[in-house]
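Participant: no sequence on this one, just coordinates:
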RNA sequence: GCACGAGUGGCAGAGUAGCUAUGCAAUGGACUGCAGAUCCAUGGACCCGGGUGCAAAUCCCGGCUCGUGCUCCA
C-alpha cells in the first residue's frame, strides 16, 4: 500500500516519500490568537490531526510543529479596544484554542513556537536576507524585494508577476509605505508610538506577517522539510512569501516537499464570515453538538473539499456519531460471531486513508462495521480505526463514567418507570392500545424512551 | 478582470473511455397492535452546448455556475 498526498504546488497526488526514512517533519500554520477559535480553525486542525495520526499509524515518527502568531496588527487592535496588554489577548485566545481542540480529541503537536519567543531567530533571518540582497530597509521597516528572485513567484497559485500587477488594478496606489514595489512584503515593521516593540538593527518594531513561519520551520527542521499545511487562503501571499524567505535565506530549494491546504467551511451555502453574521465559534457550536459529534461532521468530508454545514448535515453527523458510540458499547459484551468481513473493511479503510487522507471513505467503512451485528472483533476494530485513527471515540473511562452516571440516573427513577411499564403491560395485554400509547407518550415527556422487544420492554434515558 | 480549484442521484463521495462503487437518507416488503430496532428488496446521477470515438461522467472545444486568492488601513 502506498500513501499518496495531494501537493498544491504540483497540483496532483504524489506518492509520499519523506526526506529522512521513517521520519516526517510537518509544519502547520497556527492561529493568530486575536479572537476565539471558529469552525474554520476546527476544520484545519482536525484535518491535520488526522494526517498526523495516519502518518504515525503508517510508522513514521512525526515531528509536528504548529505556531502561534501571538503579535500582529489585529491583536494590537483588540488590545487597544479593550485597553489591556496585548499578551493578555493572545494568551486568553491560546488557552481557548487548546481547550476546544483538546475536547475534540485533537492530539497535541510536538512544538508550539510563538512569534514573541522567536524574535532573535527572526532578526537573524532578516539580517541574512538583507545581506544576500533579497531585502532592504526603508523608512517604515524592512521589506522583501520580490524582484530579487522573480522566478520563485507564483509557485502555489500559478500567477505571474504581470498578472498580479494587472489584477491589483486601482487598489494599488501609493500607500505611503516605504516599499520599492507594491508586491514587496514586510519582514519587519517599525513600531508606531504606543505599539509593542522589540529592538532590532533596523529600529524598534515587530516581525511582519510571513517571516515567523520561515524562521520557525528553519529552526525546527533545517533547510527542508516534508509537509507544510494550512488553510486554503494562505497559499497566497503567506505561503508564497515563505518560499521566498526560506529559499533565499538558505539557498536550498524546495524548502517544502508537500504543500497541503484544507478547504473552507461554509454555513448554509454561504462563506462563514463575520459580516454575514454566520460566524460560528467552536464554543458556540458545542452548545448544540458535542465536540466529538462536531469532529465526526468535519471529518465526514475530505479535507480539501469545501464543507457546507447545514442543520441537516450536522444533525445527521450527530446521529451517526451516537450510533457509533452505541455500537462500540454494544461490542464490549457481544460474544457472537461477527457477520461481516472486518479485515476487508480495514483494508478499504486503509486504502481510503492512503489516498490523500480520505476520511470520508474511511468513515464509510466505519459505518459498515457499525451496521454489522457488532460481534467478536468489532470492539478492537472500532478502537483501532474509529478511535486511534479518526479520534472519534471517547476514552473508555469517559464512557464508563457516563454509563455510571446513567446507571445512577436510572436507579433514581427506575421505580417510577417500572410502575408505568407494569401498567402499560397490563393495558397491552387487554389490547387497550390507546392507553398503552398514552403511557409511552407520558414517559417520552419525562425523557424516557422505551422499546418493546422479545424479552419485554426496555427503557432508556433520552 | 486575472489565477487556481470545483460542478456526479435527496446529501456526501469514488470513478481518466465500455462491467454505471460505497455510506446515509428515501421507497416497498417482512416482523411488530403501533412505534422503534432488525432483515430483504428497489428506484434514482453524471452543469449546459458542440466535437472525437464502435463506445464519454471520463478525452477536446466553447459556455454557465460556485468557491478561494489577487500583499496585510478588504
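Facilitator: Yep, it's here. In this text, all values refer to a predicted model and were calculated from it rather than measured experimentally.
Participant: near RNA strand B, anything from the helix or strand harbouring residue A:437?
Facilitator: Assessed by DSSP states H and E, residue A:437 sits inside helix A:433-445. Yes: using CB under 7 Å from any atom of the strand, helix A:433-445 comes into contact with RNA strand B via A:433, A:436-437. Any C-beta I mention is one placed from the backbone N, CA and C, and that applies to glycine too.
Participant: between the residues you listed, which is closest to residue A:411?
Facilitator: residue A:436 (25.3 Å; CB to CB).
Participant: Test my guess that the closest one contacts residue A:424.
Facilitator: Yes: counting by CB atoms under 8 Å, residue A:436 does reach residue A:424; the two are 5.1 Å apart.
Participant: Those two: who's more crowded?
Facilitator: Between residue A:436 and residue A:424, counted using other CB atoms under 10 Å, the more crowded position is residue A:424 (22 against 19).
Participant: Share the number of residues neighbouring residue A:248, please.
Facilitator: Residue A:248, neighbours per other CB under 10 Å, totals 23.
Participant: Now name the helix or strand holding it.
Facilitator: In the assignment (DSSP H and E), residue A:248 maps to helix A:240-250.
Participant: If you count contacts, what does that helix end up packed against?
Facilitator: helix A:119-131, strand A:141-144, helix A:211-221 (3 or more CB pairs under 8 Å, 6 or more residues apart in numbering; DSSP states H and E).
Participant: what's the spacing between the first one and its chain's center?
Facilitator: Helix A:119-131 has its C-alpha centroid displaced from the chain centroid by 31 Å (CA atoms, centre = their mean, to the nearest Å).
Participant: What residues of that helix count as buried?
Facilitator: For helix A:119-131, burial by neighbour count (16 or more other CB atoms under 10 Å) applies to A:119, A:121-123, A:125-130.
Participant: That helix vs RNA strand B: in contact?
Facilitator: No: under the criterion of CB under 7 Å from any atom of the strand, RNA strand B is not reached by helix A:119-131; the shortest gap measures 12.4 Å.
Participant: next structured bit after that helix?
Facilitator: strand A:135-138.
Participant: Work out the sheet partners of that next one and label each with its direction, please.
Facilitator: strand A:141-144 (antiparallel) (DSSP bridges).
Participant: For the strand it pairs with, what is the distance to the chain centroid?
Facilitator: 32 Å.
Participant: That strand and RNA strand B, any residue contact?
Facilitator: No: Strand A:141-144 lies out of reach of RNA strand B by CB under 7 Å from any atom of the strand, never closer than 7.5 Å.
Participant: and residue A:333, how many residues sit next to it?
Facilitator: Residue A:333, neighbours per other CB under 10 Å, totals 8.
Participant: any idea how chain A splits into domains?
Facilitator: A:4-262, A:267-389, A:402-461 (automatic domain parsing).
Participant: Any idea how far apart the tips of the last one sit?
Facilitator: Using CA to CA, to the nearest Å, the gap from the first to the last residue of domain A:402-461 comes to 12 Å.
Participant: Next up, phi/psi of the residue of the stretch 1-150 of chain A found nearest RNA strand B, please.
Facilitator: At 4.3 Å from RNA strand B, residue A:11 is the closest residue in the stretch 1-150 of chain A, using CB to the nearest atom of the strand. Dihedral pair for residue A:11: phi 60, psi 40, per degrees, to the nearest 10.
Participant: Closest one to RNA strand B out of the residues of helix A:433-445 next to RNA strand B, please.
Facilitator: residue A:433 (3.2 Å).
Participant: Give me the distance between the closest one and residue A:459.
Facilitator: Distance from residue A:433 to residue A:459, counting by CB to CB, to the nearest Å: 19 Å.
Participant: before we move on, the earlier item: export the helices and strands packed on helix A:240-250 to JSON lines and tack on distance to residue A:61 and mean pLDDT?
Facilitator: Listed next are the helices and strands packed on helix A:240-250 as JSON lines, based on distance: least, CB to CB, whole Å; pLDDT from 0 to 100:
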{"stretch": "helix A:119-131", "distance to residue A:61": "24", "mean pLDDT": "95"}
{"stretch": "strand A:141-144", "distance to residue A:61": "34", "mean pLDDT": "92"}
{"stretch": "helix A:211-221", "distance to residue A:61": "13", "mean pLDDT": "95"}
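Participant: Looking at the domains of chain A, which is nearest to residue A:396?
Facilitator: domain A:267-389 (8.8 Å).
Participant: Can you give me the end-to-end span of that closest one?
Facilitator: Termini of domain A:267-389 sit 27 Å apart (CA to CA).
Participant: and it with RNA strand B, contact?
Facilitator: Yes: Domain A:267-389 reaches RNA strand B (CB under 7 Å from any atom of the strand) through A:270-271, A:300-302, A:305-308, A:313, A:316, A:320, A:355, A:358, A:360-361, A:364, A:367-368, A:371, A:373.
Participant: Can you pull out the low-pLDDT segments for the stretch 251-400 of chain A?
Facilitator: By pLDDT under 70, the weakly predicted segments of the stretch 251-400 of chain A are A:274-277.
Participant: so residue A:358 makes contact with residue A:302?
Facilitator: Yes: assessed by CB under 8 Å, residue A:358 is found in contact with residue A:302 at 5.2 Å.
Participant: so what sits against both of these two?
Facilitator: The contact sets of residue A:358 and residue A:302 do not overlap (CB atoms under 8 Å, 6 or more residues apart in numbering).
Participant: is it fair to say residue A:257 lies in a strand?
Facilitator: Yes: Residue A:257 forms part of a strand when assessed by DSSP: H, G, I helix; E, B strand; the rest coil.
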